[in-house]
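K.L.:
Sequence and predicted structure below; questions after.
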Amino acid sequence: MTALIIVLIILGVILLSALLILFVGNASFRIISSDQLRVVASVCGFRFTIYPDKKQKPKKPKNLARCHNPEAILRRELKRQQRAKEKAERQKQKAAKRAAKRNEKKIGIPQKYCPVPNLKENLEMILALVKRFYQKTRGKIRIKIKKLHIRVAADEAAHTALLYGVTVQLVSYIIGYVETNYTAIERGEDDLSVEPDYTTSECSANIDIVFSAKIWRTLLILIDMLEAYDKEKKIAYRKAALRKREKRNKTRFDFKNILTRVRKDHSLWKTNLLSRK
């Protein structure tokens with residue numbers, strides 16, 4: 001009996017801690033760009049690097065000058081690269097087959113009978129998802145600009161001044177629109193600046209922006225967006241199937257019209273020939 005009470009107390013403490021973390025804890029996405037773009041996710045202080053992937057980092061090549069037999073090492077390295085390339089190609093083909101099977105299950109139309117959505121249908125799907133995300137996250141996400149320093153430069157001083165004016169207007173318009181129609185932006189006095197640089201010809205930016213929300217709210221947004229993505233994807237594939245069907249019917253209709261015209265012309269030719277006789 002005592003052991004059961006202890007187990008129940010432990011389970012209650014774990015459940016209470018999980019609920020506190022769920023309703024009190026924050027989840028955030030941080031975008032950092034100075035020399036390289038990095039996207040970092042954080043949940044209750046635990047950080048995860050989303051981009052760039054550690055697997056994508058190139059390996060340092062070996063120093064062939066210190067090797068006893070550099071030709072053999074070079075051959076092994078070339079074989080390793082070839083095997084890695086073939087493995088990546090096989091994985092890509094398997095992933096494409098799995099994606100096709102998932103699409104057939106979700107949409108209900110076999111892939112060979114359902115064409116891939118074109119650019120217009122994909123843009124309509126993306127626009128619908130953006131609207132859905134805007135509706136679900138409006139006023140529920142905190143945006144904090146820790147650093148946004150933009151240096152504008154061009155080949156000539158006149159072009160730099162023109163580009164500087166356009167950049168200032170664009171940045172001020174975007175920030176004003178977000179604060180008016182979406183959510184408030186937290187920033188300090190020196191956290192946001194746009195400056196012209198007449199000494200160089202290349203633009204540069206130093207960005208550090210944090211998007212944060214409560215964990216339970218983030219989970220609800222993710223679930224809703226996944227459902228919306230499945231729904232919009234089905235609609236896009238159905239539009240593609242309908243477009244293909246209409247195109248096929250149109251071509252058949254034109255072919256019938258051509259046949260009828262040929263028959264009419266042939267009958268007219270026969271009647272004219274008989275009237276001449």
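P.N.:
Done, it's in. Residues are numbered from 1 along each chain as shown.

K.L.:
quick one, strands of this protein?
P.N.:
Along the chain, counting by DSSP state E, strands occupy 26-33, 37-43, 46-51, 142-152, 185-187, 192-196, 204-214.

K.L.:
Turn those strands into CSV, columns for distance to Glu227 and mean neighbour count.
P.N.:
Quick note: C-beta positions are derived from backbone N, CA and C, even for glycine. What follows is the strands of the chain, written out as CSV (distance: least, Cβ to Cβ, whole Å; neighbours: other Cβ atoms under 10 Å):
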stretch, distance to Glu227, mean neighbour count
strand 26-33, 19, 17
strand 37-43, 21, 14
strand 46-51, 22, 10
strand 142-152, 24, 17
strand 185-187, 29, 15
strand 192-196, 36, 16
strand 204-214, 18, 16
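
K.L.:
closest one to Thr2 among those?
P.N.:
Closest to Thr2 of the strands of the chain, according to Cβ to Cβ: strand 46-51, at 35.2 Å.

K.L.:
by contact count, what packs against that closest one?
P.N.:
strand 37-43 (3 or more Cβ pairs under 8 Å, 6 or more residues apart in numbering; DSSP states H and E).

K.L.:
Which secondary structure elements does the strand it packs on sit against?
P.N.:
Using 3+ Cβ pairs under 8 Å, 6+ apart, strand 37-43 sits against strand 26-33, strand 46-51.

K.L.:
Adjacent strands (with direction) for that strand?
P.N.:
Looking at strand 37-43 with DSSP bridges, its partner strands are strand 26-33 (antiparallel), strand 46-51 (antiparallel).

K.L.:
So what touches the first one?
P.N.:
Right, strand 26-33. 37-44, 50, 205-215, 218 (Cβ atoms under 8 Å, 6 or more residues apart in numbering).

K.L.:
among the helices and strands packed on strand 37-43, which gets the worst mean confidence?
P.N.:
Between these, the one with the least mean pLDDT is strand 46-51; it has a mean of 86.

K.L.:
Might you quantify the distance of that one from its chain's geometric centre?
P.N.:
Distance of strand 46-51 from its chain centroid, counting by Cα atoms, centre = their mean, to the nearest Å, is 17 Å.

K.L.:
same deal with stretch 34-44?
P.N.:
Its chain's C-alpha centre and that of stretch 34-44 lie 16 Å apart, by Cα atoms, centre = their mean.

K.L.:
CA atoms only for it, dumped as CSV, please.
P.N.:
Provided in CSV are the C-alpha atoms of stretch 34-44 (Å, rounded to 0.1, in the frame of the first residue of the first chain):
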residue,chain,number,x,y,z
SER,A,34,25.9,37.7,-39.7
ASP,A,35,28.3,35.6,-41.8
GLN,A,36,26.1,32.6,-42.1
LEU,A,37,22.3,32.1,-41.6
ARG,A,38,21.4,30.0,-38.6
VAL,A,39,17.9,29.0,-37.2
VAL,A,40,17.8,27.8,-33.6
ALA,A,41,14.7,26.4,-31.8
SER,A,42,14.5,26.6,-28.0
VAL,A,43,12.0,24.8,-25.7
CYS,A,44,12.3,25.6,-22.0
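
K.L.:
what does that stretch contact?
P.N.:
Contacts of stretch 34-44 (Cβ under 8 Å, 6+ apart): 21, 25-32, 47-52, 206-207, 215.

K.L.:
and with 6 Å instead?
P.N.:
For stretch 34-44, the external contacting residues (Cβ atoms under 6 Å, 6 or more residues apart in numbering) are 21, 25, 27-32, 47-51, 206.

K.L.:
Is it correct that Ile215 is in contact with Gly25?
P.N.:
Yes: using Cβ atoms under 6 Å, Ile215 is in contact with Gly25, at 4.8 Å.

K.L.:
if we can go back for a sec, out of the strands of the chain, the one nearest Lys136 is which?
P.N.:
Nearest to Lys136, of those and by Cβ to Cβ, is strand 204-214 at 10.8 Å.

K.L.:
Given the closest one, what are its sheet partners and their directions?
P.N.:
Using DSSP bridges, strand 204-214 pairs in its sheet with strand 26-33 (antiparallel), strand 142-152 (antiparallel).
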